[in-house]
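K.L.:
Got a predicted model here, sequence first, then my questions.
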2 protein chains.
Amino acid sequence: MTETYGIAELAKEFGVTTRTVRFYEDKGLISPTREGQRRIYSPRDRVRLRLIMRGKRLGLTLDEIAELIDLYDADPSEVTQLKQFIGVIRERKTVLEGQKQDIEDILAEMTRLERQCTQLLSQKQNKK
Amino acid sequence: MTETYGIAELAKEFGVTTRTVRFYEDKGLISPTREGQRRIYSPRDRVRLRLIMRGKRLGLTLDEIAELIDLYDADPSEVTQLKQFIGVIRERKTVLEGQKQDIEDILAEMTRLERQCTQLLSQKQNKK
DNA sequence: ACGCTGCTTTACGTTAACGTAAAGCTCGCA
DNA sequence: TGCGAGCTTTACGTTAACGTAAAGCAGCGT
């Protein structure tokens, strides 16, 4: 008796339209079951949606997100597969680390700008 | 006598096509001068291009990137403008901090996966 | 039986960010 | 003087990620 969800319910929770949820299914990112003609979503589908949203916040394409999810799901049995798998993970990691660096750079700039502004503001207000 | 660059030169440096560089000009992100009909890029244009690329790595749209660049360039003179400006900066910062959190989450997951894999790998190789 | 609500499929439309092809200037040089 | 290299404008094409509209089924409350 595990929890299930309707499409409108999930769409609302994640702030997207039902069209979007169906679109992700088309792309193979989620695979809800059916009850008659209606889609029934499991907690697993919901987790996937959460992963998708996180990926989108990072500017990943749906294809890239699919790859990432595949990484989580897959369990490589062969040794050669396993080695290749580790390679893929490391690539992903370096990209993400670069991205993190970019963010930290911009954040630093923003903080500098903010300080500069608040200071300027207090100056102007003291003159008044 | 400040340094200048041709379009092909810059495009090559940033790993994009000349079409892309012209496209960014169309969108108002850079404004090279002309020498005859040819575009001449200044160090300032080059810095802009660097900012654009950084934004793209973060999945920002060109419009968002334009906003960010405007933030760097603008100096708000009015007090009300200044306050609003600070607000915009803070919004940007919270978005970026969320993004950073997302990245750290994924990175942690990746590291976990990687460890799991390397461990599994060494097990398999010891059995052989 | 009727209509509303919520879901469904099908299919054409839209926006962003370029790609790509065509045709024309202009400068240096053999 | 012809020509090739490198730039230019103009314009149509393409892909991703949905939006939006049309038309139909299915249960349920009156």
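P.N.:
Right, received. Where do you want to start?
K.L.:
CA only for contacts and neighbour counts going forward, please
P.N.:
Fine.
K.L.:
between the strand or helix carrying residue A:126 and helix B:79-127, what angle do the directions make?
P.N.:
Secondary structure here is read from DSSP states H and E; on that basis residue A:126 sits in helix A:79-127. Between helix A:79-127 and helix B:79-127, the angle formed by their directions is 160 degrees, by axes from the mean of the first three to the mean of the last three Cα atoms, to 10 degrees.
K.L.:
Which residues are in contact with the residue of chain A found nearest DNA strand D?
P.N.:
Of the residues in chain A, the one nearest DNA strand D is residue A:61, at a distance of 3.1 Å by Cα to the nearest atom of the strand. Contacts for residue A:61 were tallied using Cα atoms under 8 Å, 6 or more residues apart in numbering or on different chains; they are residue A:55.
K.L.:
And for residue A:85?
P.N.:
Under the criterion of Cα under 8 Å, 6+ apart, the neighbours of residue A:85 are residue A:76.
K.L.:
so what pLDDT did it get?
P.N.:
Model confidence at residue A:85, expressed as pLDDT, equals 93.
K.L.:
With the one 5 residues further on instead?
P.N.:
Reading off the confidence values, residue A:90 has pLDDT 95.
K.L.:
What is the neighbour count of it?
P.N.:
For residue A:90, the count of nearby residues is 15 (other Cα atoms under 10 Å in any protein chain shown).
K.L.:
Enumerate every residue touching it.
P.N.:
Counting by Cα under 8 Å, 6+ apart, residue A:90 touches residue B:114.
K.L.:
Same check on residue A:21?
P.N.:
If you count contacts by Cα under 8 Å, 6+ apart, residue A:21 has them with A:7, A:11.
K.L.:
host element of residue A:29?
P.N.:
Residue A:29 is part of no helix or strand when elements are defined by DSSP H and E.
K.L.:
tell me the contacts of it?
P.N.:
Applying Cα under 8 Å, 6+ apart as the definition, the contact partners of residue A:29 turn out to be A:48, A:66.
K.L.:
now swap in residue A:81 and tell me
P.N.:
Under the contact definition (Cα under 8 Å, 6+ apart), no residues are listed for residue A:81.
K.L.:
Distance-wise, check it relative to residue B:116.
P.N.:
If you measure residue A:81 against residue B:116 using Cα to Cα, to the nearest Å, the figure is 14 Å.
K.L.:
re earlier: check the residue of chain A closest to DNA strand D and give its pLDDT.
P.N.:
97.
K.L.:
what's the neighbour count on residue A:45?
P.N.:
Other residues close to residue A:45 by other Cα under 10 Å number 20.
K.L.:
Same check on residue A:103?
P.N.:
Close neighbours of residue A:103, defined as other Cα under 10 Å, add up to 22.
K.L.:
How is chain A divided into domains?
P.N.:
Per the record, chain A has its domains at A:1-60, A:74-128, by automatic domain parsing.
K.L.:
For stretch A:45-60, buried residues please.
P.N.:
Of the residues in stretch A:45-60, those scored as buried under the neighbour-count criterion (16 or more other Cα atoms under 10 Å in any protein chain shown) are A:45-46, A:48-49, A:51-55, A:57-60.
K.L.:
And those residues, which is closest to DNA strand C?
P.N.:
When the buried residues of stretch A:45-60 are compared against DNA strand C (criterion: Cα to the nearest atom of the strand), the nearest one is residue A:59, at 10.7 Å.
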